[in-house]
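Participant: curious how this folds, go ahead:
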Amino acid sequence: MKKENAMIEKINMGEQKIAFSMIVVLIVLFSSCSSKRTELQPKRTIISGVVKNMPENSTALVVNFCDELSDEQRFAQDLTLSDGKFQVVHDYVFAQNLTIRYANSFINFYVIPGDSVFLTIDGLKVKQHQNDAVTFSGDNAQINEQLFRWTNYVYKLPMPEFNPAAAQGDFLQQIKQCFDAMHDTINAYSQRNAMNDFVKQWAFTDYKFVVANQLTDYEDNASQWDVFTDSIFDVFNEQNFQTMYFPIHLGFCLNALVARNTEISQQFKQKEYKNGIYSVINELTEKTPTGTVRDIMLYKFLLRGLGEMPELYDSIPELQTLFSQPLFIDKLQSFVREKITNAPKPIPVTGEPIKGISYLENESIVALSDVEILPYLIERYKDKVLYIDVWATWCGPCLEGMKYAPTLHKYFAGKDVVFVNLCLQSTAERWLQTIKKNTIEGENYYFDEDATKLFMGKQNINGFPAYMLIDKEGKLRSSVAGLSNTPSLIEQINSCLN
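Facilitator: Below you'll find the predicted structure:
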């Protein structure tokens, strides 16, 4: 998702009206928050295990935390360095499912904050997608055995298709029929496999939001909010957080809410960002009940904007009173402090090199010895500024962004700047074809499947394209502009040169 334009404060004559409406909002919020609620707190959760019968070409394992409230999104382990063992600690707020990716397969399981879960994985059986490939021990072992087998079954079923041009009522009827059919599927499966009541309930909740995340191409933009929040989704039920797909759906709901209000769109178009924030808060307050669901939507919206202009946080003091849960206020304050400080981060040497990385030199592929890639690049291009583009051959936005690269190469020609392209999650053949077809200049590196998993896990990369900027001192800068944002990127690179 592209970043929002940088926020600037511009207050017009309509601000008095907005400020008055905010007073009304705050009165409603204070009165509705008077009842006691259980305060959310992250709890230390341990995920550990061992891989047995490990195939030679499947030595990397990734734990995807699937936690939208955390900056840390995944953990990666080269199993050859640990005799097949792995362990990671993550602080969870909600009970939910998460995944482990190993041998090109996903292992779904469930954690309650504070759990300690242990998995014994048979590498050969995982590659064959067998139901007995994983055994669970520790907390909620029975639930996880059943949930793993269910997701192995249901995620292989074809996804339903809907008519995106249908009228709202007809579109919702299609979804309802799909959900009724899934109820029948769950009941039939449960009779064959003795699924307990919790897993049955979780299975339907999860399926609802798997389907919901396929509905964003619904063509009636003005009705998207009404469709996404229809009673069939039960959106404001906080039990929905038990599936990792629910927070994603809330993001779509938020986008639909903003898009349907032409006043908000106009405010952001005219860069009246402060007014736009107030307008979104008013919309959320009017359309959603007080609670954690609203908190998450507001939090996700503010992260987008404050990431570009964190100083705006202090100019809107009402933000500190809008959440029903103090956790989100604390997280926003920490986020803003980090953005304002914006201190370059040192790149540690972990002693865990990655194998499976190649380098293109004069149209020949050179296999690198096992390396820690970022320290390796810093040493190879010593005393240079490195702008790193992490991309994949199938990624449209990656290739679109690369169209701006020649302008930057020309601007910094003769200066101490090196443009490095790291190709992940692709085949070597497509890598070479894409470089040639698109005339991708710079230093080109390729990561095989295991190297991709390890690099994305260690660098916390969630998708493509991703950009990294390393200064002459070998420190990683934060909030790096993409290739298409040429003026901002030039400014950032120049700041490293100076």
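Participant: listing partners with orientation, what would you give for the longest strand along the chain?
Facilitator: Using DSSP state E to define each element, the chain has its longest strand at strand 43-52. Pairing partners of strand 43-52, with direction, according to DSSP bridges: strand 85-92 (antiparallel), strand 116-122 (parallel).
Participant: relative to strand 43-52, how tilted is the helix or strand just after the longest one?
Facilitator: Taking DSSP states H and E as the definition, the helix or strand that follows strand 85-92 towards the C-terminus is strand 96-102. Note on geometry: by axes from the mean of the first three to the mean of the last three Cα atoms, to 10 degrees, strand 96-102 and strand 43-52 are set 30 degrees apart in direction.
Participant: hey, where'd the helices end up in the stretch 101-250 of the chain?
Facilitator: Residue ranges of the helices in the stretch 101-250 of the chain, as given by DSSP state H, counting those that start in this stretch, are 123-127, 141-154, 168-193, 197-212, 224-228, 246-259.
Participant: list the buried residues in the last one.
Facilitator: Along helix 246-259, these residues count as buried under the neighbour rule (16 or more other Cβ atoms under 10 Å): 246-247, 249-258. In short, each C-beta sits where N, CA and C put it, glycine included.
Participant: and stretch 451-461, C-alpha only, in CSV?
Facilitator: The C-alpha coordinates for stretch 451-461 follow below in CSV (Å, rounded to 0.1, in the frame of the first residue of the first chain):
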residue,chain,number,x,y,z
ALA,A,451,17.2,-17.4,1.4
THR,A,452,14.1,-15.4,0.7
LYS,A,453,12.4,-16.8,3.9
LEU,A,454,15.4,-16.1,6.1
PHE,A,455,16.0,-12.5,4.8
MET,A,456,12.3,-11.5,5.0
GLY,A,457,12.2,-12.9,8.5
LYS,A,458,15.4,-11.3,9.8
GLN,A,459,14.6,-7.9,8.2
ASN,A,460,10.9,-8.0,9.0
ILE,A,461,9.8,-7.5,5.4
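Participant: for the nearest residue to V88 once chain neighbours are set aside, pull up the helix or strand it's in.
Facilitator: Using Cβ to Cβ, 6 or more residues apart in numbering and skipping the chain neighbours, the partner closest in space to V88 is F75 (4.2 Å). For F75, the host element (DSSP H and E) is strand 74-78.
Participant: so which elements touch that strand?
Facilitator: Contact analysis of strand 74-78 by 3 or more Cβ pairs under 8 Å, 6 or more residues apart in numbering; DSSP states H and E lists strand 60-64, strand 85-92, helix 449-459 as its packing neighbours.
Participant: format these as TSV; extra columns: distance to I493, mean pLDDT and mean neighbour count.
Facilitator: Below are these laid out as TSV (distance: least, Cβ to Cβ, whole Å; pLDDT from 0 to 100; neighbours: other Cβ atoms under 10 Å):
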stretch	distance to I493	mean pLDDT	mean neighbour count
strand 60-64	31	96	23
strand 85-92	34	97	17
helix 449-459	20	92	22
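Participant: out of those, flag the one nearest N275.
Facilitator: Minimum separation from N275 across the helices and strands packed on strand 74-78 (Cβ to Cβ) falls at strand 85-92, 35.9 Å.
Participant: list the buried residues in stretch 352-371.
Facilitator: Within stretch 352-371, judged by 16+ other Cβ under 10 Å, the buried ones are 353-358, 360, 368.
Participant: walk me through the domains of this protein.
Facilitator: Domains of the chain are assigned by automatic domain parsing as 15-36+261-341, 43-154, 168-254, 348-497.
Participant: show me what contacts W202?
Facilitator: Residues near W202 by Cβ atoms under 8 Å, 6 or more residues apart in numbering: 97, 110, 147, 242-243.
Participant: swap in 10 Å and give it another go.
Facilitator: For W202, the contact set (Cβ atoms under 10 Å, 6 or more residues apart in numbering) comprises 95-97, 110, 143, 146-147, 150, 195-196, 239, 242-243.
Participant: which of those residues sits closest to M468?
Facilitator: M468 lies nearest to Q96 out of these, by Cβ to Cβ, at 29.3 Å.
Participant: circling back: and the buried residues of stretch 352-371, which is closest to T59?
Facilitator: Out of the buried residues of stretch 352-371, the member with the shortest distance to T59 (by Cβ to Cβ) is K355, at 8.5 Å.
Participant: any idea how far the nearest residue to the closest one once chain neighbours are set aside is from Q425?
Facilitator: Counting by Cβ to Cβ, 6+ apart, D370 is the residue found nearest to K355 once chain neighbours are left out, at 4.4 Å. Note on D370: its distance to Q425, by Cβ to Cβ, to the nearest Å, is 20 Å.
Participant: looking at the helices and strands packed on strand 74-78, which is nearest to P397?
Facilitator: helix 449-459 (16.7 Å).
Participant: what mean pLDDT does the very next helix or strand once past that closest one get?
Facilitator: Per DSSP H and E, the first helix or strand lying C-terminal to helix 449-459 is strand 466-470. Across strand 466-470, pLDDT averages out at 95.
Participant: ok and strand 466-470 relative to helix 449-459, angle-wise?
Facilitator: 60 degrees.
Participant: perfect, I'm done here.
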